[in-house]
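>>> prediction below, plus the sequence it came from.
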Amino acid sequence: MPVLHDNMLTHLKKLSTLQSNKGVHFLTPAAIPGSHCPMNAAARLAGSIQGLSSLIIGTQECAYYSRLVLREPYGKAGELHWMYVLDANEVVFGCREGLKQALIEMDQAGAKAISLIVTCLPELIGEDIEAIIHELQPKLAARLISISAPHFACNGHPSGIWRTLEAMAGIMQQCTIIPHSANLLGLHAASASEIPLLTSLSAAGVKLRGLGPDSTLDEFLSAPDAAINIVLSPYMAPLAKRMANDFSTPFVYLHDKYSIEDIDTAYARIGEILALDFGDAFTKGRNALKKAQERADVKLSELSFFATDISLDPIPLSAYLSTQGMKPLLLHIEEFYQEDRQWAQALHTQGHDPLVCHRVNNLAEVSVFEMLKPAFNLGPVPPSLKQKISHVDQLHKMNGTFGHERTTWLLDKIMQALGTPAADLSKEVM
Amino acid sequence: MGLHRFHPTPSGRMGTLWALSSIRNAALVEFGSMGHMLYGRATLKRMGKDPDCKLYSTHINESDIAMGETNRLTRAIADIALRDQPRVIFVLPSTIPEMIGTDLSALCKELQTSYPHVRLLPFEAGGFNIELHRGVQETLLLLATTLPQDVPPTPTPTFNLIGSCTDLFQFNADTQEIVRMMEGAFGIKPLCIMTSDTSVEDIEHMGGAHINLVIRREGLSAACHLQQKFGTPLVEGRPYGMQGTYSWLEQIAQMLDKPINQSFILQEQAEARPIMAIAPGFFSHQKKPVKLSIGGHADVVTGILTYACSELGLTPDLCWCDSPAMATEDLPYWQEAQWSQTVTNRHQGLLMASGEVLTWAGRNNLAMQIANPSRGWQMYPYSPPYMGFRGAMNLATMWMNEVVRML
């Protein structure tokens, strides 16, 4: 049964008019099941960084449900994952005194660093957590960072991740820079051995430090000793920018580079900063991508698409795909980053201005697919349309990977989904 | 409230959501951030209930808060009413509307005229000083006062089970045991299992039942209302143990003015005999008295403890409940500071409590769990019960094995 009317998409903005997350509206009105909140993401991250403790500050809901991801109050390396629940009095008059006592108690219990994850209610009542930290920090051994994580300020969860990572810069110490060293921000350990850039850097004797959810607190704290930050995830970009500001660590983005030219430029910049000549290390990958683009050329030309996968950083990706002839119609935006503006501009220059939305109910989206009629989808489609619309799933596998090989893998997946015999496709794997 | 190392007591809002989430042919929309509903759903699945009620969230943003906007809720209700066509839409506040004082009742009243075929039912256990049990109580009462229709008693006797809600650990197993026993002892079937296995229609027709069985104190006000409105008698209590269960059946028999099917009782006693012939002697022949420490819902704790001590000869040790409103001199309310300092890995004797307490005390046998929060996924629907005749057999066997394990 069609649920939405012909004018149902007038509530959505075009990408060119988007300035922040606030302009991203729900595709359909009622969320089921909806998106994760920043608290959950920040809590999950705190639970995975060895040595980092956490304090969830909020209501019973936030505290109770945070145990879905922070299962234990005591971590294996002495971390404390505790909660501060505001009572009815504190909802009105603030929780300053109680919170200070809680932090003193966590400090005495041995926490090395505490991530204060501030949820909707304390944010709403305007509790000044930064002021509490400012007052208390000199008296405590534990280093404190605060993560603003109200869900009412956004639709999706990524701010819980990037804000945590960005805040880590606040407790890093200035160190002596190791000339031949690099931080790989957002590296997925599984992909490390297969990417030529990393092989080349290792061969050249560059000391590499992967920083991500599986890293330790100490690895984060010593990060300013690196000569460069190589950014492999949009979640890490704010940390890289802050480290550039606080520690003058130069950075190069790779997470949003899909075209041969952009990847080559980024690699050249890395070589320049580290004073390295990579020679022909990337020729094989570059040629493979060229061939993949040639094979895809006809199939992708004029191919209209949606990007609905929540794990994608869809704007730079769409900007690249539009250079291959594809036409973006609608993008799900989990988080709009300031850097996305340049990619939105690039899309606009090529004559594309897709609608932007936040998906919250895949069953209710059928009408949208039927109305805009995309030929292809990056991400899942409603169950009733699975046989009708070519699509690729599991695009989260692209996260943390980069370079020519990632783009080749993506084109390969798209071609497979469009029905090209697998034998004709590049066998390059990521 | 304040600092917590372990799960805090859930809020009244959570109690309401959990109690309503199992009602079929209904939708629930919460005016608030999306995350809460997502995690509520995940928690319910772990507690053993894939929500039958469709659980929606409106989400809310800074402009909505600053301007007091409720358009998201209006649009969500319109969408749900059109797409799902439920009989009832439950409307819940989350913490933010509760904080800024959104009047959901007035809004529902205003919107109701637009949806003559869908009832909009706002719930209000949203205050910051209301905890789980009061949320459940208010929810059961509101359902009982709003949905039941004027219906005659069913031609053959039926019963309502009031208070079987997802927040009670093992609610599935215990409910199935009660249904089995009512069928066996009286040949009567349930009309409404409120709320863990019911529909809007079941609640609408619950006035036709011949008796209301109230298995937790939170259901008493709802049952009293039904008694007043329909004249339905009620029996309050949780049947634990062989004798305890029989006494409970006798109360029902008296209310129904209907004899207990004695052949069913003989059959149950015969089935339990191998266990019950051994268990009291097993416990009394231990070198030291077998002590039972137990914490959880006051009605569960009281029921199990009574069975353990009066029928099997166990000795009560530490006992506590999880709600300040239910605390007594004999059964105090313990916050985490009390139980975590008292019940440690040095604690001796049998221990039944939440999965979280058992883990803290270093007890690996989660079969001894009687309360949430749970450490695992309670998804298997045919676990052995704690209540009823089969529950008596299960508990006795479990305690014997636990004693053997600890020797």
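On my side now, so go ahead. Numbering: from 1, shown residues only, chains lettered A, B, ... in the order given.

>>> ok, residues contacting stretch A:203-216?
A:44-45, A:48-51, A:77, A:178, A:180-189, A:192, A:198, A:201-202, A:219-220, A:222-223, A:226, A:233, A:236, A:274, A:276, A:400 (Cβ atoms under 8 Å, 6 or more residues apart in numbering or on different chains). For every residue, glycine as well, the C-beta is placed using N, CA and C.

>>> can you name the residue of the stretch 101-250 of chain A nearest to chain B?
The nearest approach of the stretch 101-250 of chain A to chain B comes at residue A:151, 3.7 Å away (Cβ to the nearest Cβ).

>>> OK, contacts around that residue?
With Cβ under 8 Å, 6+ apart, residue A:151 has these contacts: A:37, A:38, A:39, A:119, A:120, B:33, B:34, B:35, B:59.

>>> neighbours around the residue lying closest to the fourth one once chain neighbours are set aside, how many?
Which is residue A:119. Once flanking residues are discounted, residue A:119 sits nearest to residue A:58: 3.3 Å by Cβ to Cβ, 6 or more residues apart in numbering or on different chains. By other Cβ atoms under 10 Å in any protein chain shown, 25 other residues sit near residue A:58.

>>> residue A:58 pairs with what?
Beta-bridge pairing for residue A:58 (DSSP bridges): residue A:85.

>>> pretty sure residue A:75 is in contact with residue A:47, am I right?
Yes. Judged on Cβ atoms under 8 Å, residue A:75 makes contact with residue A:47 at a distance of 7.5 Å.

>>> for chain B, which helix is longest?
helix B:388-406 (DSSP state H).

>>> hmm, back to that, show me which of the contacts of residue A:151 has the smallest pLDDT value.
Ranked by pLDDT, the contacts of residue A:151 bottom out at residue B:35, which has 88.

>>> can you list the buried residues in the host helix or strand of that residue?
In the assignment (DSSP states H and E), residue B:35 maps to helix B:34-47. Of all the residues in helix B:34-47, those buried under the rule 16 or more other Cβ atoms under 10 Å in any protein chain shown are B:34, B:35, B:36, B:37, B:38, B:39, B:40, B:41, B:43, B:44, B:46, B:47.

>>> tabulate those (TSV), appending distance to chain A.
What follows is the buried residues of helix B:34-47, written out as TSV (distance: Cβ to the nearest Cβ, whole Å):
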residue	distance to chain A
B:34	3
B:35	3
B:36	5
B:37	6
B:38	5
B:39	4
B:40	7
B:41	6
B:43	7
B:44	11
B:46	8
B:47	12
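
>>> can you list the residues of the stretch 151-300 of chain A near chain B?
Proximity of the stretch 151-300 of chain A to chain B (Cβ under 8 Å from any Cβ of the partner chain) is limited to residues A:151, A:152, A:153, A:155, A:157.

>>> look up how far residue B:103 lies from the residue in the stretch 301-407 of chain B that chain A sits nearest to.
The nearest approach of the stretch 301-407 of chain B to chain A comes at residue B:373, 6.8 Å away (Cβ to the nearest Cβ). Distance of residue B:373 to residue B:103, computed by Cβ to Cβ, to the nearest Å: 33 Å.

>>> could you check which of these two is surrounded by more residues?
Comparing residue B:373 with residue B:103 by other Cβ under 10 Å, the one with more neighbours is residue B:373, at 19 against 14.

>>> so the more buried one touches residue B:353, yeah?
No. Counting by Cβ under 8 Å, residue B:373 stays clear of residue B:353, with 10.6 Å between them.

>>> can you give me the helices for the stretch 251-400 of chain A?
A:260-274, A:283-300, A:314-323, A:340-349, A:366-372 (DSSP state H, counting those that start in this stretch).

>>> do the same with the stretch 151-300 of chain B
B:171-186, B:200-204, B:220-230, B:242-256, B:262-276, B:279-284, B:298-312.

>>> now those in a markdown table, with mean neighbour count, mean pLDDT and distance to chain A?
Formatted as a markdown table, these follow (neighbours: other Cβ atoms under 10 Å in any protein chain shown; pLDDT from 0 to 100; distance: least, Cβ to the nearest Cβ, whole Å):
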| stretch | mean neighbour count | mean pLDDT | distance to chain A |
| --- | --- | --- | --- |
| helix B:171-186 | 21 | 97 | 18 |
| helix B:200-204 | 19 | 98 | 19 |
| helix B:220-230 | 18 | 98 | 23 |
| helix B:242-256 | 18 | 98 | 32 |
| helix B:262-276 | 14 | 98 | 35 |
| helix B:279-284 | 16 | 97 | 34 |
| helix B:298-312 | 21 | 98 | 19 |
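
>>> so which of the ones you listed is nearest residue A:9?
helix B:200-204 (33.6 Å; Cβ to Cβ).

>>> can you tell me what sits against that closest one?
So helix B:200-204 is contacted by B:23-26, B:86-88, B:143-144, B:147-149, B:151, B:191-194 (Cβ under 8 Å, 6+ apart).

>>> and those residues, which are buried?
Buried among these (16+ other Cβ under 10 Å): B:23-26, B:86-88, B:143-144, B:147-148, B:191-194.

>>> for the spatially closest residue to residue B:59 that is not a sequence neighbour, list the residues it contacts.
Of all residues not flanking residue B:59 in the chain, residue B:34 sits nearest, at 4.7 Å (Cβ to Cβ, 6+ apart). The contact partners of residue B:34, by Cβ under 8 Å, 6+ apart, come to A:31, A:33, A:34, A:35, A:37, A:151, A:155, A:360, B:57, B:59.

>>> between the residues you listed, which sits nearest residue B:119?
Using Cβ to Cβ, these come closest to residue B:119 at residue B:57, 20.0 Å.

>>> mind exporting the C-alpha coordinates of the helix or strand encompassing residue B:137 to PDB?
Secondary structure assignment for residue B:137, by DSSP H and E: helix B:132-146. Extracted in PDB, the C-alpha atoms of helix B:132-146 (Å, rounded to 0.1, in the frame of the first residue of the first chain):
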ATOM      1  CA  LEU B 132      10.300   0.200  37.300                       C
ATOM      2  CA  HIS B 133       7.700  -1.400  39.600                       C
ATOM      3  CA  ARG B 134       5.500   1.700  39.700                       C
ATOM      4  CA  GLY B 135       5.700   2.000  36.000                       C
ATOM      5  CA  VAL B 136       4.500  -1.500  35.600                       C
ATOM      6  CA  GLN B 137       1.800  -0.900  38.200                       C
ATOM      7  CA  GLU B 138       0.500   2.200  36.500                       C
ATOM      8  CA  THR B 139       0.600   0.600  33.100                       C
ATOM      9  CA  LEU B 140      -1.400  -2.400  34.200                       C
ATOM     10  CA  LEU B 141      -3.900  -0.100  35.900                       C
ATOM     11  CA  LEU B 142      -4.300   2.200  32.900                       C
ATOM     12  CA  LEU B 143      -4.800  -0.800  30.600                       C
ATOM     13  CA  ALA B 144      -7.400  -2.200  32.900                       C
ATOM     14  CA  THR B 145      -9.300   1.100  33.200                       C
ATOM     15  CA  THR B 146      -9.300   2.100  29.600                       C
END
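
>>> now do the buried residues in that helix.
Neighbour count says helix B:132-146 has B:132-144 buried, by 16+ other Cβ under 10 Å.
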